[in-house]
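Novice: give me coordinates for this.
(chains A and B, ligands or ions: 2)
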Amino acid sequence: MRDVVQQPRAEELVNIRALNKWYGDFHALCDVELDVVAGETVAICGRSGSGKSTLIRCIAGLEEFQTGELVVHGIALSPQSSLNHRKVSGVGMVFQNFNLFPHMTVMENLTIGPVEVARVSRSEARARAMHQLERLQMGAFADRYPSTLSGGQQQRAAIARSLCLNPRLMLFDEPTSALDPELRSEVRTTINALARDGMTMIIVTHEIELARDVSSRIVWMDDGAVGRTEAGAPPTYSGNGRGGGGLGGA
Amino acid sequence: METLGKVAALPAAVGTQPHKRPRPRVIRSLQTQVRRVLFDTPLNAVVTVLTATAIAIVGFYVVRWAFLDSAWVASSPAGCAKAQGACWAVIVKNWQGILFGNYPAEQRWRPEVMLGVFGAALVFTIAVNVRNFRLTLGVWLVSLVVFVLLMRGGVFGLQTIESDRWGGIPITIFVFLCSVTLGFPLAIVLAVARTGRLVSARTISVFLIEVLRPVPLIAVLFCTDLLLPMALPNALDPGKLGRVIICMGVFYACYQAEVIRAGLQAIPHGQIEASRALGLGPLQIIRLVTLPQALRLTVPATVNLLVVALKDTSLIVTVGLFDFAATATAAFSGNEWRPFSNEVYIVVALVYLLMTLTLTWLGHSLERRLAKNA
Ligand SMILES: Nc1ncnc2c1ncn2[C@@H]1O[C@H](COP(=O)(O)OP(=O)(O)OP(=O)(O)O)[C@@H](O)[C@H]1O
Ligand SMILES: [Mg+2]
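Specialist: Ligands and ions are numbered 1, 2, ... in the order given. Model prediction:
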């Protein structure tokens, strides 16, 4: 991921042009435009019901839309393509309520994607999973079932699960709102670290500190439309030997 | 990426901090435990005493009839006449007929060995606690193959004995196992089809389930037995036993499919979204995510249906197969042991009770094991 940062021209990972979505007759997204380049961290904020989740779920390929253009990681999702056949590759999604598979251990949760989708060998998948777990300080929980973990640990396991597929783009839909304030910092630290490593991310959040902390740009949504955009945190982080190296593109 | 490892001192694994202590164990004496469970409130105490009295009174009459006043050996019904209580001689004298029906007497060792094989498969299942599902399934499938080879013969120098002479408890167990083995995968297909997006598959599934379920099994059995031979060319006709197994399997599948469907619908939608976000396809999602969870959720309801299916095997007598209940009835009907049907039916009930208790017990232990890891 860091090599992307060193490229002179930033690669565009998300292009959204005049995206419109209706739930029944309710116009949930109105002419949304958004571009995200590699290495950027975009926060999407806005009032409840303003369409943030809808937008990020469209980007993830989890939601149909009616008109507009949506290109994610080089794949053009069209209004016509059936939901079932949308395979977004290179995009990881983290949900508000984790959605870990409860009948699998953390390790199994992490290896299912690589084994079944990326078709890597089981041992390779385990190695990858262990690497990601250690990165997120979760190594000790590999053989636990999700129900035996705290909320923060579950969310970090869910983040690790997405990372195991080596995504180019990570989507977060309110990753911290199901967590107690004390547990939020664990997840925030993880996301911060990802940003520093140059991961491209779109984060829907109500937590303004999270948005200001990690994002290079905050996009405000209001009633289904994108309103003003404000610049986020400057790309310098205290306590990081790398200085501003984490963020490119912006 | 390596920097991530040292970002922050997050609370890591539960370590060996000095302030952690082993959980204190509370040891209660039997006496205190009995008091806690049976006599902790006045109401509980009254209920306990009343129940105990009722059990004692009923128990007294049962023991007197079944044991104290009963006759165990008698070469003919007349020998039982002087006994006030039960005449167990009817069982002692006819047990081979009750257990194995009309199977030729000099070949009875074959169904006897078969019961041993089923028993061994059961012991194996209990021993592994269904932990290794594939191996357990394999053991049972092998036992079914052994059943056909051994009972029918015609191989390894065994005399051929056609299936119309098979009877009794081996038939009951065999029909039950076969119909469930056939019905369960079919139920999965029906349930998935009914919850899926393929309209034609959904229509067929709904049609089959909604048409078969309201019809009594006994009618379905009759129809299959009469119509299947007419509908199929002779070469494809699976024989009476085969027809019965297909019929019971499909019937069981209709009920089981609805149970599995309920399980599938109980899975939160977030599970499917998370799977799709990982790039899993529709069939992979079913196989790896929703179906395993649905099957876990529905263990109690499934055990319920298995018990029903086991007891329903006693209906196959209506199309001329001699299951255990039928061979037991034959032991006293049409001969001089007729006055002692009660004794026979009590034994039949006890045997069914033993079989269904085994099923429910297996189900409970499976549930308990699954509860530990989910
Ligand atoms: N499945 C649905 N069917 C109908 N309407 C929906 C559906 N999902 C969302 N909506 C509506 O679309 C609008 C946008 O919803 P969305 O979930 O995107 O909001 P949000 O910005 O994520 O809000 P929050 O901050 O509360 O999560 C809301 O008015 C909501 O009621
Ligand atoms: Mg939302």
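
Novice: residue ranges with poor pLDDT in the stretch 251-374 of chain B?
Specialist: Counting by pLDDT under 70, the stretch 251-374 of chain B has low-confidence residues at B:373-374.

Novice: which residues in it form strands?
Specialist: Per DSSP state E, counting those that start in this stretch, the stretch 251-374 of chain B has strands spanning B:322-323. These are given in chain order.

Novice: mind listing the helices for it?
Specialist: Counting by DSSP state H, counting those that start in this stretch, residue ranges of the helices within the stretch 251-374 of chain B are B:269-278, B:282-285, B:291-297, B:299-312, B:324-332, B:341-372.

Novice: which strands or helices does the fifth one pack on?
Specialist: Helices and strands touching helix B:324-332, as assessed by 3 or more CB pairs under 8 Å, 6 or more residues apart in numbering or on different chains; DSSP states H and E, comprise helix B:89-100, strand B:167-168, helix B:169-195, helix B:341-372. Where you see a C-beta, it was placed from the backbone N, CA and C, and this is true even at glycine.

Novice: let's go with 7 Å and repeat that
Specialist: Contact partners of helix B:324-332 among helices and strands, from 3 or more CB pairs under 7 Å, 6 or more residues apart in numbering or on different chains; DSSP states H and E: helix B:89-100, strand B:167-168, helix B:341-372.

Novice: again with the fourth one
Specialist: Helix B:299-312 is packed against helix B:169-195, helix B:239-265, helix B:341-372, with contacts defined by 3+ CB pairs under 7 Å, 6+ apart.

Novice: nearest to chain A, of the helices and strands packed on helix B:324-332?
Specialist: Of all these, it is helix B:341-372 that lies closest to chain A, at 8.2 Å by CB to the nearest CB.

Novice: pull out the buried positions in the closest one.
Specialist: Judged by neighbour count using 16 or more other CB atoms under 10 Å in any protein chain shown, the buried positions of helix B:341-372 are B:E343, B:V344, B:V347, B:V348, B:V351, B:Y352, B:M355, B:T356, B:L359, B:L362, B:G363, B:L366.

Novice: could I get the helices of the stretch 251-374 of chain B as CSV with distance to A:N192?
Specialist: Output for the helices of the stretch 251-374 of chain B, formatted as CSV (distance: least, CB to CB, whole Å):
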stretch, distance to A:N192
helix B:269-278, 22
helix B:282-285, 32
helix B:291-297, 34
helix B:299-312, 43
helix B:324-332, 69
helix B:341-372, 36
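
Novice: nearest to ligand 1, out of those?
Specialist: When the helices of the stretch 251-374 of chain B are compared by CB to the nearest ligand atom, helix B:269-278 sits nearest ligand 1, at 10.0 Å.

Novice: quick check: residues of the stretch 251-374 of chain B near chain A?
Specialist: Applying CB under 7 Å from any CB of the partner chain, one finds that the stretch 251-374 of chain B approaches chain A through B:270-271, B:273-274, B:276-280, B:282, B:284, B:288-289, B:292-293, B:296, B:373-374.

Novice: give the ChimeraX command for selecting the buried subset of those residues.
Specialist: The following ChimeraX selection, which keeps only the buried ones among those, applies the criterion 16+ other CB under 10 Å:
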select /B:271,273,274,276,277,278,279,280,282,284,288,289,292,293,296,374
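
Novice: so A:I203: helix, strand or coil?
Specialist: In the three-state summary, A:I203 is assigned as strand, counting by DSSP: H, G, I helix; E, B strand; the rest coil.

Novice: if we ignore the residues flanking it in sequence, what's nearest it?
Specialist: For A:I203, ignoring the flanking residues on the chain, the nearest one in space by CB to CB, 6 or more residues apart in numbering or on different chains is A:F172 at 4.4 Å.

Novice: equivalent analysis for B:T356, please.
Specialist: Using CB to CB, 6+ apart and skipping residues adjacent in sequence, the residue nearest B:T356 is B:V307, 4.8 Å away.

Novice: my read: that neighbour touches B:L357, true?
Specialist: No: B:V307 lies out of contact with B:L357 (CB atoms under 7 Å); the separation is 9.4 Å.

Novice: no further questions, thank you.
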